[in-house]
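> coordinates for the following, if possible.
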Amino acid sequence: QLVESGGGLVQSGGSLRLSCVPSGFKLDYYAVGWFRQAPGKEREGVSCISSSDNTTFYEDSVKGRFTISRDNAKSTVYLQMNSLKPEDTANYYCAVDSHGVGICTYYKNMDLLGKGTPVTVSS
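Below is the predicted model:
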């Protein structure tokens, strides 16, 4: 119900832009989070954007390098990733709370995720 795209292989220091598109509903009233899971590690939150005023939140590991944004006309949320590092290598997922939560306060509890798009950063 959420489809991510834009992943790929990039050299350290490079950039990628991920997209998240819903299937069967619109994102307008949902806060949307991005998560990632590296091989052998637990899934971790990366960033979130609220529905009403586009308030954004970033984990310290990506602050200043990643930018989350949304285009409600296209019902799409983006994650612009710059200055990528090998430790950013992971499968990246977008997610919403199936109860229709529009704020990011508890974004790590989001329960509706896509299948993800892989990002590999070579050194």
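> contacts and neighbour counts: CA atoms only from here.
Will do.
> so what's the residue nearest to residue 66 when sequence neighbours are not counted up against?
Here the nearest residue to residue 66 in space, its sequence neighbours aside, is residue 81; by C-alpha to C-alpha, 6 or more residues apart in numbering that works out to 4.5 Å. Residues touching residue 81, when contacts are defined by C-alpha atoms under 8 Å, 6 or more residues apart in numbering, comprise 15-18, 65-67.
> quick check: the gap between residue 81 and residue 95.
In this view, residue 81 and residue 95 are 17 Å apart by C-alpha to C-alpha, to the nearest Å.
> what sits up against the least confident helix or strand in the chain by mean pLDDT?
For the chain, using mean pLDDT, DSSP states H and E, the weakest element among its helices and strands is strand 112-113, scoring a mean of 94. Strand 112-113 is contacted from outside by 1-2, 93-98, using C-alpha under 8 Å, 6+ apart.
> try it again with 6 Å
By C-alpha atoms under 6 Å, 6 or more residues apart in numbering, the surrounding residues in contact with strand 112-113 are 94-98.
> now that strand, how far from the chain's geometric center?
For strand 112-113, the distance from its own C-alpha centre to the chain's C-alpha centre is 11 Å (C-alpha atoms, centre = their mean, to the nearest Å).
> C-terminal to it, what's the next element?
Beyond strand 112-113 on the C-terminal side, the first helix or strand identified by DSSP states H and E is strand 117-122.
> against which helices or strands is that following strand packed?
Using 3 or more C-alpha pairs under 6 Å, 6 or more residues apart in numbering; DSSP states H and E as the contact criterion, the neighbours of strand 117-122 among helices and strands are strand 8-11, strand 90-96.
> what helices or strands is the first one leaning on?
Identification of packing neighbours for strand 8-11 by 3+ C-alpha pairs under 6 Å, 6+ apart yields strand 117-122.
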